[in-house]
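>>> need coordinates for the below:
(one chain, ligands or ions: 2)
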Amino acid sequence: MKTALFYNKLDSGKVKCLLCPHNCIISEGKLGICGVRRNTGGDLYSETYEKVSAIHFDPIEKKPLYHFLPGKIILSIGSVGCNLSCNFCQNCDISQITVDDFTWFKHISVGDIVDLAINRKDNAGISYTYNEPSIHYEYMLEIATEIKRRKMNNVMVSNGFINQEPLKKLISVLDAFNIDLKAFTEEFYKKQTKSALKPVLDTLKLLNESGNHLEITNLVIPSLNDDPLTFGKMIEWIYKELGENTILHLSRYFPHYKMTIAGTPISTLERLYNIAKEKLHYVYLGNVAGSEGQNTYCPSCQHLLISRSGYYTSVTGFRDDGKCKKCGQIVPNMIL
Ligand code: SF4
Ligand code: SF4
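Ligands and ions are numbered 1, 2, ... in the order given. Coordinates of the predicted model:
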């Protein structure tokens, strides 16, 4: 356990956590909503410090990141807990459990994680993923600081539900983000995730302004967030606030956890893909086997730059200077 950052001590021994917009007020001995930050003796502690539930070398495409070091692998770590409670969570076994109830932790020090990352020659860095990484803020920040010092990369895959001050501190050491934009209504966020949309939009704006690499994932769930009109408003917001070169992954949903709605029809994804493509250069389809929507094409001349099949990635369309091999134009928002 580690003393938490971002909290205030309150009267009568309570603490107020300031890490995410829940701003939990936590009584002595209790955990916050995320299930991993506890008030002990009137101070707040991170209970998952150096506790890992899953650790793998993954293709970076699996995060998903399609425009950040394509074809590379990255050491990926997760723990338990989440500050959201999405009815459709694909990782509910580790996200919807408290630190007290999970019994399979691997205890790995900051130094050992860093050693693991640097000792594999083809590894791009570390990805903080699987469950929500922001709630393990202290562990992530310490690892990320050391990884940055070693000139490797830090990637965060997150729901984006974090307060601005802690996010600003993270931005200084992280390189790339994939943030979920789960829907474009407060109603969806409240009912389906027990959180709110506005802080996620604020996160996206701050990350975009920071110049860090940003990709967005939208899981399309039939009847809940696939209304073309609302989806179109989301695309308009992305276009205006983040720009036409924003990378958007439309991901196919399958029933999981509390959600029994049937999986997303391909036709729905294709319809939304076409709406998004009217405004954005880079739109991808995820969880759709053999789809053309996984490939990257030059926004200037439509030359095939990167082809993907599952997690097999072939980067063929660039010149040595990173420009398009066919038209010679810079490919915006692409880090090779
Ligand atoms: S990080 Fe956890 S304890 Fe802190 S405010 Fe968010 S849900 Fe509450
Ligand atoms: S934010 Fe992600 S990890 Fe957390 S409950 Fe939702 S889908 Fe699961």
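>>> can you count the residues close to the residue nearest to G310 when sequence neighbours are not counted?
In this structure, G310 finds its nearest non-sequential neighbour in A289, 7.4 Å apart by C-beta to C-beta, 6 or more residues apart in numbering. Glycine gets a C-beta too; all of them are placed from N, C-alpha and C. Applying other C-beta atoms under 10 Å, we find 8 residues neighbouring A289.
>>> and D11, by the same measure?
5.
>>> check T40 too.
Burial of T40 is recorded as 15 neighbouring residues (other C-beta under 10 Å).
>>> residues in a beta bridge with the residue lying closest to N23 once chain neighbours are set aside, which ones?
Nearest residue to N23, sequence neighbours excluded (C-beta to C-beta, 6+ apart): K16, at 6.2 Å. Beta bridges link K16 to N8, I25 when assigned by DSSP bridges.
>>> what's K16 in contact with, if anything?
Contacts for K16 (C-beta atoms under 8 Å, 6 or more residues apart in numbering) come out as Y7, N8, L10, N23, C24, I25, I26.
>>> same thing with K191?
Contact criterion C-beta under 8 Å, 6+ apart gives no residues in contact with K191.
>>> for it, helix, strand, or coil?
Under DSSP: H, G, I helix; E, B strand; the rest coil, K191 falls in the helix class.
>>> ok, it to N87 distance?
Distance of K191 to N87, computed by C-beta to C-beta, to the nearest Å: 8 Å.
>>> then Y49?
29 Å.
>>> kindly report the same for E241.
Separation of E241 from N87 (C-beta to C-beta) stands at 27 Å.
>>> which of these two has more neighbours?
Neighbour tally, E241 and N87, criterion other C-beta under 10 Å: the higher count belongs to N87, 17 against 13.
>>> still on that earlier bit, just the buried ones from the contacts of K16, in PyMOL syntax?
Those of those that count as buried under 16 or more other C-beta atoms under 10 Å are selected in PyMOL with:
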select buried, resi 7+24+26
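>>> among the contacts of K16, which ones lie close to ligand 1?
N23, C24 (C-beta under 6 Å from any ligand atom).
>>> how about the contacts of K16 in CSV, adding pLDDT?
As requested, these are arranged in CSV below (pLDDT from 0 to 100):
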residue, pLDDT
Y7, 98
N8, 98
L10, 96
N23, 98
C24, 98
I25, 98
I26, 98
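>>> how distant is stretch 87-96 from the center of its chain?
Offset of stretch 87-96 from its chain centre (C-alpha atoms, centre = their mean, to the nearest Å): 14 Å.
>>> does ligand 2 sit close to that stretch?
Yes. Using C-beta under 6 Å from any ligand atom, stretch 87-96 reaches ligand 2 at C89, N91, S95.
>>> most neighbours among those residues, please name it.
S95 (26 neighbours).
>>> which stretches in this structure count as helices?
Applying DSSP state H to the chain gives helices spanning 92-95, 110-119, 137-149, 164-171, 186-188, 198-210, 228-241, 266-277.
>>> winner for burial among these?
helix 137-149 (a mean of 21; mean count of other C-beta atoms under 10 Å).
>>> which residues touch that one?
Applying C-beta under 8 Å, 6+ apart, the contact partners of helix 137-149 are 2-6, 19, 46, 48-50, 79, 110-111, 113-114, 117, 125-126, 128, 133-134, 153-154, 156, 166, 169-170, 173-175.
>>> now, which of those residues lie close to ligand 1?
Among these, the ones lying near ligand 1 by C-beta under 6 Å from any ligand atom are L19.
>>> filter the contacts of helix 137-149 to the buried ones?
Judged by 16+ other C-beta under 10 Å, buried ones among the contacts of helix 137-149: 4-6, 19, 46, 48-50, 79, 110, 113-114, 117, 125-126, 128, 133-134, 153-154, 156, 166, 170, 173-175.
>>> the residue nearest to F105 when sequence neighbours are not counted: neighbouring residues, count only.
For F105, ignoring the flanking residues on the chain, the nearest one in space by C-beta to C-beta, 6+ apart is K51 at 4.3 Å. A count of nearby residues for K51, using other C-beta under 10 Å, gives 20.
>>> the one 10 residues further on too?
When neighbours are counted by other C-beta under 10 Å, E61 registers 24.
>>> can I assume N159 is in contact with D180?
Yes. Contact between N159 and D180 holds when scored by C-beta atoms under 8 Å: they sit 5.0 Å apart.
>>> between the two, point out the one with more neighbours.
Neighbour count, other C-beta under 10 Å: between N159 and D180, N159 has more, with 26 against 21.
>>> excluding its backbone neighbours, what's nearest D202?
Nearest one to D202, counting by C-beta to C-beta, 6+ apart, is Q164 at 6.5 Å.
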